[in-house]
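Q: please work out how this folds:
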Amino acid sequence: MSVAGRRGVFAVALLVFVMLIPMSTFAFANPAGVTPEEARLEAGRLIERVRDATREDPSQPGAVAAFAGAVAGTPLLVRDFEGNPSEYMVPVLDAGGRAIYLIGVGALSGKWHWYCRYDDVDFPVVSAGSAVSKAEAWLRERGADIELPAPQARIAPDKLAYWFFELPGTRFAEMYVPVFLEDKPSSALETRPWERSRQLPAPAGDTGGSAGFPGVSGAAPSLPVSRSASATPRTGGAPAAYDIPDVPYHQQLTDYWCGPASLEMVMDYFGPDIDQAEIASVANAHPSYGCYNTELGRAAQFSSKSTSVQTPSLQGYSARQLGYGMASAYWENGSPLYDYRYSDLKELVSQNLPVLALTSYSPGSGGHFRVVKGYNDSIGTFTVHDPWYTPPYEGPDVQFEQSFFVDTLWPYSDRWAMIAAPWSVTVNKPFSATAGETFTVQASAAYRGPAPLDGQYPCTVDSATATIELGPDFELVGGGTQQPIGSITTTGTSGSASWTVRALDSGTTDGIEVSARGGIFGSTTDYPSYSDWIGGVGTAASAPPVTSRAWAHDSIGVATPSEVWFLAEGCTNGGFETWVLVQNPNTDPAQVHLTYMTPDGPVEGQTETVPASSRMTFNVADVVPETWEVSTMVESDYGVIAERAMYGNGRRWGHDSIGVDTPAPTWYLAEGCTNGGFETWILVQNPNNQPAEVHLTYMTPSGSIKGPDVQLPANSRKTFFVSDWVPSEWSVSAQVTSNRNIIAERAMYGPARAWAHDSVGVPAAAMNWYLAEGCTNGGFETWVLVQNPNDEAANVTLTYMTTDGQVPGPSVSIPANSRETFNVADVVPNTWEVSTRVSANKNVIAERSMYGNGRQWGHDSVGVSVPATDWYLAEGCTNTGFETWVLVQNPNPLPAEVTITFMTPAGPVDGPVETLPARSRKTYNVGNTVPWEYNVSTRVHSNRPVIAERAMYGDAQ
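A: Now for the predicted structure:
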């Protein structure tokens, strides 16, 4: 198969090969190898193995829920074309005795080789007895009265199983009846069925696929990859199991289009779906030999720059004018890649690159293209889409035993495989922009080809470029639309380009697109010299990567918008930043006015129109710079939601709180600590036009301690340092009372102000509290803090809610006027998502504080005493350096239907719609829906009362 050191291998239709064949239901034993009973027992062991794996993780590759209660049925011996025993096909029977899967067991080794779904009602479709009846009727029609021998099931060169009747000494010589198709018998008198090309019907709901027949013949130039290249050093490592999600399956449309069908699956995965007939035309597929691997690789690169060898009028595929990048390699025996033949296949799949491999259809047979899309080391399988349409191997998600696939089937082509993928082009741009705003659009392009497929198909000089397309609402600020990407040269390289853009109108940036391309050339037998454009079209970048989490903050939502909001905390001096965030959930614009309150009195702030279903951010320092103490009042002509976020120390810390819509004469603050380098500050805002008399009382495990008594001037703010009254105390809560309605918050900082968190107080204690956020895995700490302001002890019970349901927590008695702290990890360790319910026999107050990264960050929130069907969360950012997560807790005994809507400067964006199980918790990454947006608020709606919070994390500046 070698021509001047260059080679092509193909899948053909008409060659003899060793194949699997079902034995008749007469169940002939194999005297030279494995008995039917031994094959059935081996299949039973595999069923149990898969069943155990499925119980452990039903979502893992190769898991089969239907194996629960299933048993192995009567094996069917499958012979090769020459009549040699090859494999047993063992049906997997459900409780009703129907075959639902097939398992292949080696007729000589006794080891399982594969398993796949079986969809026909009967196994086999045509039994040996039915085959005899069909053959006898066919002979009678031709005036022949011949006593038929017991048939053997054999696989013919067309990959179909036939019942073979040996009829020596008769004019018929042999007769053939299909095993898995209802078709008429035939004999050696006419053209044998495997010598006829057949057009296959596409299955219902499928656009088709293609098939290549097994064969070993011919030669063609190989793809331009060095057969003697040394293996590229590997980094990282594939996980123990992985399955590429949503790889489309296409059946082959003719009996020799396995290659075009396999390439269609790969192309359809990346999109768009390319017509299988067009692929076959470009790859020069032929009934006598299928198509060469070299021509199939060339078909991946086909673009409008060239024409099809079979259809000259076809210039580029109808659905895509730009070619895909492609790379291939051989993992043959004795080559530098040989030792990586398993790991490389898994590495490629784990990077979401379906691998198109040329194998033998069955041991020793001719070639057949398949798509490898998954693997599972614990079960020992590769998951393969096989474009063929009848047993033994057929359809989507065939599970091959790893060594059988790699070292028995794949050596047919010296283990040749390829990947085909468009260039990956991700576009980083803001989700929305306002009129006149100038921003940067950056595109990152990658010519896919990880080791050992890197360094192939170099781009022609200076041909790699990126081009931006702007809609009518944008214009370039200098520079041209096309930018060079000189760093993209061969597979495995990448680069970027950027443009400065100005928005001419307010709205989303959906109209901005970027494409990237490069010119390549190559040579095959059918295309002695070709050149094409390959590349990709940009997509909006997914959520920015996880930040360093230098800071974090958290807040509960509010259930009802309000026309007035008060925010007690604020500082614009000493490196502090203070931002007020206003969410307008209405269908009409809202006129919003801010008033700032300082020790010197009120200061008029901004007046702005917040568009309908959107969010706006205000920098307090724009109006009140270099001010140590500043509170905010937000007024609006429509109900809105207001929050305040603060940062300090170059954004080494951040904290946040929802506003208060109704001042009150009494406030409770459950959290507080003045030991171990902790600072605790209480911030009181007096929004009245008269002075307010304010009194603070602290509550510790030892009881209550009297705090300061002060008079706050009208429309002012005052800060209290708790350590001045309760130094070196690990657990301290506070009660703030006044003769007028006021607002109270509490801010805390860690040692050297490495972290900070903040929470508004609550105006009344309650017997039930809900805390949606919580995590005890990945270095997270979660603490629940319960304050008892009563003159009697309170009996308190905690219940935790996880993705798997609720878990009982501790029950304790908290002394009068004291505070108790609970470490959630004591009951629910190593849990990513955990909410809390606090219930008591007396009215108490509950908060939750969290820390992570070795306490590099912390955040805190007061609980919610009453669940609601609507929640609003004003703050949110998903642009560079920010993460935003929405956390929803369902405390009900029934599932809750939850709908999330995000609000941006460009208007509302539909978010997830999900069913939350009873007494569970769910986390949503806002960046998955609204990436790269500086201003995003959230509304959570449910058909049952739930609780919603929002946690944010970010990078230091």
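Q: tally of neighbours for the residue nearest to residue 41 when sequence neighbours are not counted?
A: Leaving aside its sequence neighbours, residue 41 sits nearest to residue 72 (CB to CB, 6 or more residues apart in numbering; 7.6 Å). (Glycine included, C-beta is placed from N, CA and C.) Neighbourhood size, residue 72 [other CB atoms under 10 Å]: 22.
Q: may I ask you to confirm that residue 72 is in contact with residue 43?
A: Yes - using CB atoms under 8 Å, residue 72 is in contact with residue 43, at 4.0 Å.
Q: okay, and the common contacts of those two?
A: Residues touching both residue 72 and residue 43 by CB atoms under 8 Å, 6 or more residues apart in numbering: 90, 92, 103.
Q: find the nearest non-adjacent residue to residue 934, please.
A: Distance criterion CB to CB, 6+ apart; nearest residue to residue 934, sequence neighbours excluded, is residue 879 at 4.9 Å.
Q: cool, residue 371 as well?
A: Counting by CB to CB, 6+ apart, residue 385 is the residue found nearest to residue 371 once chain neighbours are left out, at 4.3 Å.
Q: which residues sit against stretch 131-146?
A: Stretch 131-146 is contacted from outside by 24, 126, 148, 151, 163, 165, 167, 170, 172, 175, 177, 179, 184-185, using CB under 8 Å, 6+ apart.
Q: and if we set it to 10 Å?
A: 24, 26, 124, 126-127, 147-151, 153, 162-165, 167, 169-172, 175-179, 182-187, 189 (CB atoms under 10 Å, 6 or more residues apart in numbering).
Q: hey, where'd the strands end up in the stretch 551-700 of the chain?
A: 551-556, 562-567, 577-584, 590-598, 601-610, 614-619, 631-648, 653-658, 664-669, 679-686, 692-700 (DSSP state E, counting those that start in this stretch).
Q: just the strands in the stretch 351-500 of the chain please.
A: 355-360, 367-376, 381-386, 395-401, 416-421, 424-428, 432-433, 438-447, 465-469, 474-476, 482-484, 493-503.
Q: looking at the ones you listed, which is nearest to residue 574?
A: Shortest separation from residue 574 across these is recorded for strand 438-447, at 30.8 Å, computed as CB to CB.
Q: give the partner strands of the closest one in its sheet and their orientations.
A: Strand 438-447 pairs in its sheet with strand 424-428 (antiparallel), strand 493-503 (antiparallel), by DSSP bridges.
Q: and these, which one's lowest on average pLDDT?
A: Confidence, taken as mean pLDDT, is least for strand 424-428 of those (a mean of 93).
Q: quick check: angle from that one to strand 465-469?
A: For strand 424-428 against strand 465-469, the angle by axes from the mean of the first three to the mean of the last three CA atoms, to 10 degrees is 50 degrees.
Q: how about residues contacting strand 424-428?
A: Contacts of strand 424-428 (CB under 10 Å, 6+ apart): 270, 325, 440-448, 466, 468, 494, 496, 498, 509, 512-517, 535-542, 544, 879-880, 931-932.
Q: please pick the buried ones from the residues you listed.
A: The neighbour count (16 or more other CB atoms under 10 Å) marks 270, 325, 441, 443-448, 466, 468, 496, 498, 509, 512-517, 535-538, 540-541, 544, 879, 931-932 as buried among these.
Q: reformat the strands of the stretch 351-500 of the chain as JSON lines; add distance to residue 829.
A: Formatted as JSON lines, those follow (distance: least, CB to CB, whole Å):
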{"stretch": "strand 355-360", "distance to residue 829": "39"}
{"stretch": "strand 367-376", "distance to residue 829": "28"}
{"stretch": "strand 381-386", "distance to residue 829": "33"}
{"stretch": "strand 395-401", "distance to residue 829": "35"}
{"stretch": "strand 416-421", "distance to residue 829": "41"}
{"stretch": "strand 424-428", "distance to residue 829": "37"}
{"stretch": "strand 432-433", "distance to residue 829": "41"}
{"stretch": "strand 438-447", "distance to residue 829": "39"}
{"stretch": "strand 465-469", "distance to residue 829": "48"}
{"stretch": "strand 474-476", "distance to residue 829": "51"}
{"stretch": "strand 482-484", "distance to residue 829": "51"}
{"stretch": "strand 493-503", "distance to residue 829": "41"}
